[in-house]
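Novice: A structural model of the following input is requested.
(one chain, ligands or ions: 3)
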Amino acid sequence: MRKLDYHEAIKKLVSFIREKTEKTGTNGVVIGISGGIDSATTAYLAAKALGREKVLGLIMPYYNNQDVDDARLVCSSLGIECREINIKPIVDTMVSQLGFQPDKKSLGNIMSRTRMVILYAHANAMNRLVLGTGNRSEFLTGYFTKWGDGASDYAPLINLYKTEVWEIAKLLGVPKRIIEKKPTAGLWEGQTDEDELGISYRLLDEILWRLVDLKMEKERIAEELGISIERVQYVEALVKRSEHKRRLPPGPEF
Ligand SMILES: Nc1ncnc2c1ncn2[C@@H]1O[C@H](COP(=O)(O)OP(=O)(O)OC[C@H]2O[C@@H]([n+]3cccc(C(=O)O)c3)[C@H](O)[C@@H]2O)[C@@H](O)[C@H]1O
Ligand SMILES: Nc1ncnc2c1ncn2[C@@H]1O[C@H](COP(=O)(O)OP(=O)(O)OP(=O)(O)O)[C@@H](O)[C@H]1O
Ligand SMILES: [Mg+2]
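Specialist: Ligands and ions are numbered 1, 2, ... in the order given. Got it, this is the predicted structure:
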């Protein structure tokens with residue numbers, strides 16, 4: 001992996017958030033706080049950049065589990081205002097009107113898009129920006145809901161791999177239990193990113209870095225990392241099949 005100077009990276013992230021908020025003439029930012037590391041890190045950076053009064057956290061559980069306590073911990077340790085909105089009644093009502101029962105992934109996407117609607121309702125009403133929490137590992141593999149958690153005004157972590165977010169979170173003082181927990185989208189009980197993606201973030205990031213950033217030959221990546229070529233091809237396929245999630249909807253050229 002590339003060797004980033006994480007102290008410098010934090011400075012860059014903080015000035016990015018400050019500059020975007022100032023230049024857009026907005027009053028601050030709104031962030032969905034899940035209890036996971038990406039949203040915690042984004043909130044820590046935003047509080048550093050803008051001061052805690054200008055950061056609103058929205059805790060929007062569907063399930064009532066440990067993640068809610070972890071999300072509260074982020075808010076209390078940072079001293080930012082957090083509001084809790086239970087999305088279960090909203091999602092369940094929506095589903096009851098669909099006329100069919102969505103499978104667990106489609107239901108998860110409805111949860112993610114419901115959170116997006118609520119974040120933008122607050123951003124509109126308060127003249128604030130929605131800060132996204134996506135990282136480069138998720139972005140390149142398409143591991144996010146299109147127009148759900150993938151939707152935001154600015155996404156400070158989007159050019160940082162998950163393994164780099166872990167390092168930055170440590171330096172920022174994000175609570176240890178949040179750094180150490182398994183990444184999960186939390187869309188169904190027992191879901192973990194690494195199980196669903198079929199690969200660990202450590203290996204994924206090593207492959208993505210060589211494949212996408214260094215544009216290295218697949219054979220060489222396999223050799224360097226001591227893995228099979230199929231593993232590299234698998235990651236390449238994740239990147240290719242999610243290309244549509246990394247652009248605005250196109251139409252024919254005229
Ligand atoms: N080739 C193509 N060109 C243009 N559009 C294309 C397309 N293929 C699908 N589509 C469209 O994209 C839709 C599928 O994309 P999408 O709706 O996103 O759904 P999909 O990618 O199937 O599912 C989202 C994935 O992201 C994961 N996720 C979601 C939310 C948060 C997190 C997290 O880490 O916290 C992870 C979730 O667990 C799941 O694996 C299709 O229904 C279709 O509308
Ligand atoms: N229950 C929730 N309440 C508020 N926001 C949520 C909730 N669940 C998900 N989100 C939003 O969706 C984003 C995407 O989730 P994702 O799981 O990728 O990030 P994370 O939970 O912050 O970190 P990790 O990937 O390590 O679990 C979150 O960062 C958060 O902004
Ligand atoms: Mg999560």
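
Novice: Please make it C-alpha for all contacts and neighbour counts, starting now.
Specialist: OK.

Novice: Ligand 1 contacts on this structure?
Specialist: Residues of the chain lying close to ligand 1 (Cα under 6 Å from any ligand atom) are 112, 143-146, 149, 185, 244.

Novice: ok, and the most crowded of the residues you listed?
Specialist: In terms of neighbours by other Cα atoms under 10 Å, those top out with S112 at 26 neighbours.

Novice: Go through the one helix or strand that residue maps to and flag the buried ones.
Specialist: Taking DSSP states H and E as the criterion, S112 maps to helix 104-126. Buried residues in helix 104-126, counted by 16 or more other Cα atoms under 10 Å: 107-116, 118-120, 122-123.

Novice: Next step: the residues of the chain next to ligand 1 restricted to strands.
Specialist: In strands, judged by DSSP state E, none of the residues of the chain next to ligand 1 are found.

Novice: Out of the residues you listed, which one has the lowest pLDDT?
Specialist: The lowest pLDDT within the residues of the chain next to ligand 1 belongs to A185, which sits at 95.

Novice: Would you confirm that that one contacts D193?
Specialist: Yes - checked against Cα atoms under 8 Å, the pair A185 and D193 is within contact range at 6.7 Å.

Novice: Which residues are in contact with the residue nearest to S34 when sequence neighbours are not counted?
Specialist: Of all residues not flanking S34 in the chain, A71 sits nearest, at 5.4 Å (Cα to Cα, 6 or more residues apart in numbering). Neighbour list for A71: 33-36, 40, 59 [criterion: Cα atoms under 8 Å, 6 or more residues apart in numbering].

Novice: same thing but 6 Å
Specialist: By Cα atoms under 6 Å, 6 or more residues apart in numbering, the contact list for A71 reads 33-35.

Novice: Among these, the buried ones, what's the ChimeraX command?
Specialist: In ChimeraX syntax, the buried subset of these is picked out as below (16+ other Cα under 10 Å):
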select :33,34,35
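
Novice: now the contacts of A71 as a markdown table including pLDDT, secondary structure and distance to ligand 3?
Specialist: Shown next, in a markdown table, are those (pLDDT from 0 to 100; DSSP: H, G, I helix; E, B strand; the rest coil; distance: Cα to the ion, whole Å):
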| residue | pLDDT | secondary structure | distance to ligand 3 |
| --- | --- | --- | --- |
| I33 | 98 | coil | 9 |
| S34 | 98 | coil | 6 |
| G35 | 98 | coil | 7 |
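
Novice: Out of the contacts of A71, flag the one nearest to A155.
Specialist: A155 lies nearest to I33 out of the contacts of A71, by Cα to Cα, at 14.2 Å.

Novice: so who does the closest one touch?
Specialist: Taking Cα under 6 Å, 6+ apart as the test, what I33 contacts is 39, 57-59, 71.

Novice: Quick check: of the residues of the chain next to ligand 1, which lies closest to E206?
Specialist: Y143 (16.8 Å).

Novice: Which residue is the nearest non-sequential neighbour of the residue in the stretch 1-150 of the chain that ligand 3 sits nearest to?
Specialist: Proximity of the stretch 1-150 of the chain to ligand 3 (Cα to the ion) peaks at G36, 4.5 Å away. Excluding the flanking residues, the one nearest G36 by Cα to Cα, 6+ apart is I178, at 6.0 Å.

Novice: where's that neighbour, which helix or strand?
Specialist: helix 176-180.

Novice: in that helix, what counts as buried?
Specialist: In helix 176-180, counting by 16+ other Cα under 10 Å, buried: 178-179.

Novice: what's the next secondary structure element after that helix?
Specialist: Using DSSP H and E, the helix or strand that follows helix 176-180 in sequence is helix 193-197.

Novice: what's the average pLDDT for that following helix?
Specialist: 96.

Novice: so where do the helices sit in the stretch 1-150 of the chain?
Specialist: For the stretch 1-150 of the chain, the helices defined by DSSP state H, counting those that start in this stretch cover 6-23, 37-50, 66-78, 88-96, 104-126, 136-141.

Novice: Kindly export stretch 133-141 (C-alpha atoms) in PDB.
Specialist: Extracted in PDB, the C-alpha atoms of stretch 133-141 (Å, rounded to 0.1, in the frame of the first residue of the first chain):
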ATOM      1  CA  THR A 133     -18.900   8.800   4.800                       C
ATOM      2  CA  GLY A 134     -17.900   6.500   1.900                       C
ATOM      3  CA  ASN A 135     -14.300   5.400   1.500                       C
ATOM      4  CA  ARG A 136     -12.300   4.400  -1.600                       C
ATOM      5  CA  SER A 137     -12.600   0.600  -0.900                       C
ATOM      6  CA  GLU A 138     -16.400   0.900  -1.000                       C
ATOM      7  CA  PHE A 139     -16.400   3.300  -3.800                       C
ATOM      8  CA  LEU A 140     -14.300   1.200  -6.100                       C
ATOM      9  CA  THR A 141     -16.100  -2.100  -5.400                       C
END
